[in-house]
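Participant: Below is the sequence, then the predicted model.
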Amino acid sequence: PAHPGRRRAAARASLRRGSPFTCRLGVSVGAMAGRFFSRIFTSLVQDVVIKGLANNRAFQRFALKMDETLKKTAQATVEASKAPPKPSPEVAAQARKLQESA
């Protein structure tokens, strides 16, 4: 058996020479085919999942409720940021003590 380092060096040398199983970028044809089929599979799965969720009544109800909740939260946040801050009871008590002592 050849030494592992020698095998790696030989593999790198074959890439530099232009192995029949590599492209110009040094990527093997098998790796390129794997990426290609992976992209096709991923797009098919995403298509099926998206269509399935789009036709699912429970998911549609969930999406509408979530949208309403997010809109209400955003509106409440905007309104709260416009209103002047209310002092807490402790801060109000300390302010009264300071006014009385002055």
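Facilitator: Looks like it arrived, so ask away.
Participant: Spatially central, which residue of the chain would that be?
Facilitator: residue 46 (15.5 Å; Cα atoms, centre = their mean).
Participant: for the helix or strand containing residue 69, what is the average pLDDT?
Facilitator: In this structure, residue 69 sits in helix 57-82 according to DSSP states H and E. Helix 57-82 comes out with an average pLDDT of 94.
Participant: Please work out the average pLDDT along the helix or strand where the residue nearest to the centre of the chain lies.
Facilitator: Assigned by DSSP H and E, residue 46 falls within helix 29-54. Taken as a whole, helix 29-54 has a mean pLDDT of 88.
Participant: Mind listing residues that contact stretch 54-72?
Facilitator: Stretch 54-72 is contacted by residues residue 53 when judged by Cβ atoms under 8 Å, 6 or more residues apart in numbering. C-beta here means a position set from N, CA and C on the backbone, and glycine is covered the same way.
Participant: The same query, at a cut-off of 10 Å, please.
Facilitator: 52, 53 (Cβ atoms under 10 Å, 6 or more residues apart in numbering).
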